[in-house]
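S.K.: Give me coordinates for this.
(2 chains)
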Protein chains: 2
Amino acid sequence: MARGQDQAAAKIDRPSSRVALLNAAGELMTERGTIDVSLSDIAKRSGLNSALVKYYFGSKQGMMLALMEEVLGRGMAQMAGLLTMDIDPVEKLKLHIKGIITVYFRFPFINRLLHHMYLDPDLDHVVGERISIPLATLQRQLLEQCAANGLIRPIDPTMFYFIVVGACDHLFFSHQALRIAFGIDGVDDDLRRTYTSTLIELLMNGMLARTDFA
Amino acid sequence: MARGQDQAAAKIDRPSSRVALLNAAGELMTERGTIDVSLSDIAKRSGLNSALVKYYFGSKQGMMLALMEEVLGRGMAQMAGLLTMDIDPVEKLKLHIKGIITVYFRFPFINRLLHHMYLDPDLDHVVGERISIPLATLQRQLLEQCAANGLIRPIDPTMFYFIVVGACDHLFFSHQALRIAFGIDGVDDDLRRTYTSTLIELLMNGMLARTDFA
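M.R.: Down below sits the predicted model:
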């Protein structure tokens, strides 16, 4: 009984209610393979009143923006840390690709969420400034570090961005397609690792300068 | 006047009204960057009555299925023809990748349309059987032809499928992101060609067996 009361008390605590709503939204988006989830379903999943969405986030769009920041904020900061790490630039590039796949593995809805916000004239520049532009800038700098050391052949960073983001994302884009067309019931850790190593090997073999080449 | 009457007559001609509705739907999906377009907007764009959607396709879902077949049917048949062509298997693989990018260039909404149908329990197997499974099968056979000739290193065809489809698609996924994050106002033929050649070079360098390697 005491534990039940503690849990009930925790539910009206502001920070954790806020996070519970975001977690519920993310879970439903992942399970259903679409970001089109209703506030009442989010409320039901979180055990909270849907009016709290307005209270914490102002609107459903505000909640989506908060979800984006919750999901990508920390990862973006970690990625930026790669630049100054004292390791082989090619290793940085590999870690970067691995990091992107890990984000999609945990939050497979994220590119659709970003696109949804790109369609909103009030949010499109926010998404650009906080996510896409920093990501593209980081990749350009990583590629420059590799190229400066003669480690890779030149590649257009914009082309690299779309190739890598698209390739990293697509395994997670539709678990329905994965199940029906390939008989694979969801992406587990093994499949994620296989995908990561296959993609990294393919891209690195494709980009690395071949010093033993004519 | 006679010409005006001919045009009016043409509009109730079944095949062309049907195609006009599909074209209008595809145009709106492309322009808006979302498959979420209303029947009344499709009617307005085509100059036809939205009731014709029910007449020709039974429902909006039926129209989406018809759009998928219209857009992908011919391309799927052409792709299958690659298998029996008397050219270098590596060239077949390149033509295949080029073909996929061309489809996304013309119909950037297509993966979202497929995914939307994967979410519908009445349509998911249709999409699998008509599109995803034949595409995956074709790719596996192309990879086998290349591997049998010692032209490429072994690669898991399922991993290949998601890497290639995702990479081919992503430049076209969001013209809003392209504009805001990269200052690129839509994908023109030049950009499509650059993307195609960059991706093909990257993947082929990544996969080709290096006979001059240790």
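
S.K.: number of nearby residues for A:Ala181?
M.R.: 24 (other Cβ atoms under 10 Å in any protein chain shown). Heads up, the C-betas are built off the backbone N, CA and C, glycines and all.

S.K.: nope, A:Leu52 is what I meant
M.R.: 21.

S.K.: what do you get for A:Tyr118?
M.R.: For A:Tyr118, using other Cβ under 10 Å, the count is 26.

S.K.: Please apply the same query to the one 4 residues further on.
M.R.: Taking other Cβ under 10 Å as the criterion, the count of residues near A:Asp122 is 10.

S.K.: same deal with A:Ile42?
M.R.: A:Ile42: 25 neighbours (other Cβ under 10 Å).

S.K.: and if you look at A:Ala25?
M.R.: Neighbour tally, A:Ala25, other Cβ under 10 Å: 26.

S.K.: how about the nearest residue to it, chain neighbours excluded?
M.R.: Spatial nearest neighbour of A:Ala25, chain neighbours left out: A:Ile42 (5.0 Å); criterion: Cβ to Cβ, 6 or more residues apart in numbering or on different chains.

S.K.: got it, and A:Leu83?
M.R.: A:Gln141 (5.7 Å).

S.K.: wouldn't A:Arg45 be in contact with A:Glu27 here?
M.R.: Yes: counting by Cβ atoms under 8 Å, A:Arg45 does reach A:Glu27; the two are 6.5 Å apart.

S.K.: OK, contacts around A:Arg74?
M.R.: Applying Cβ atoms under 8 Å, 6 or more residues apart in numbering or on different chains to A:Arg74 gives no contacts.

S.K.: in what helix or strand does it lie?
M.R.: helix A:60-82 (DSSP states H and E).

S.K.: which parts of that helix are buried?
M.R.: Buried residues in helix A:60-82, counted by 16 or more other Cβ atoms under 10 Å in any protein chain shown: A:60, A:63-68, A:70-72, A:75-76, A:79, A:82.

S.K.: what sits against A:Ser17?
M.R.: A:11, A:46, A:48, A:52, A:56.

S.K.: give the contact list for the most centrally placed residue in chain A.
M.R.: Centroid-nearest residue in chain A: A:Val103, 3.9 Å away (criterion: Cα atoms, centre = their mean). Applying Cβ under 8 Å, 6+ apart to A:Val103 gives the contacts A:71-72, A:75, A:110.

S.K.: again, 6 Å this time
M.R.: Neighbouring residues of A:Val103 by Cβ atoms under 6 Å, 6 or more residues apart in numbering or on different chains: A:Gly75.

S.K.: Residues of chain A that sit close to chain B?
M.R.: A:115, A:118, A:124, A:128, A:132-133, A:136, A:158-159, A:162-163, A:165-167, A:169-171, A:174, A:176-177, A:180-182, A:195, A:198-199, A:202, A:205-206 (Cβ under 6 Å from any Cβ of the partner chain).

S.K.: May I have the helix or strand the residue nearest to the centre of chain A falls within exported as CSV, CA atoms only?
M.R.: Per DSSP H and E, A:Val103 falls inside helix A:89-106. Provided in CSV are the C-alpha atoms of helix A:89-106 (Å, rounded to 0.1, in the frame of the first residue of the first chain):
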residue,chain,number,x,y,z
PRO,A,89,40.1,10.1,-37.7
VAL,A,90,39.0,6.9,-39.5
GLU,A,91,38.1,5.4,-36.1
LYS,A,92,36.1,8.6,-35.4
LEU,A,93,34.2,8.2,-38.6
LYS,A,94,33.4,4.5,-37.7
LEU,A,95,32.2,5.6,-34.2
HIS,A,96,30.1,8.3,-35.7
ILE,A,97,28.3,5.8,-38.0
LYS,A,98,27.9,3.3,-35.2
GLY,A,99,26.4,6.1,-33.1
ILE,A,100,23.9,7.0,-35.7
ILE,A,101,22.7,3.4,-36.0
THR,A,102,22.4,3.1,-32.3
VAL,A,103,20.1,6.1,-32.2
TYR,A,104,17.9,4.6,-34.9
PHE,A,105,17.9,1.3,-33.1
ARG,A,106,16.6,2.9,-30.0
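
S.K.: Enumerate the positions of it that are buried.
M.R.: For helix A:89-106, by 16+ other Cβ under 10 Å, it's A:89-90, A:92-101, A:103-105.

S.K.: Which residues outside stretch A:118-130 are in contact with it?
M.R.: Here stretch A:118-130 has contacts from A:114, A:117, B:174, B:176-177, B:180-181, using Cβ under 6 Å, 6+ apart.

S.K.: in the helix or strand hosting A:Tyr55, what's buried?
M.R.: Assigned by DSSP H and E, A:Tyr55 falls within helix A:51-57. Residues of helix A:51-57 classed as buried by neighbour count (16+ other Cβ under 10 Å): A:52-53, A:56-57.

S.K.: just the strands in chain A please.
M.R.: Here chain A has no strands by DSSP state E.

S.K.: any idea how far A:Phe109 lies from B:Pro157?
M.R.: 26 Å (Cβ to Cβ, to the nearest Å).

S.K.: With A:Met76 instead?
M.R.: On the measure of Cβ to Cβ, A:Met76 and B:Pro157 end up 33 Å apart.

S.K.: And A:Ser40, by the same measure?
M.R.: From A:Ser40 to B:Pro157 the distance is 42 Å (Cβ to Cβ).

S.K.: ok, now A:Pro108?
M.R.: A:Pro108 is 22 Å from B:Pro157, by Cβ to Cβ.
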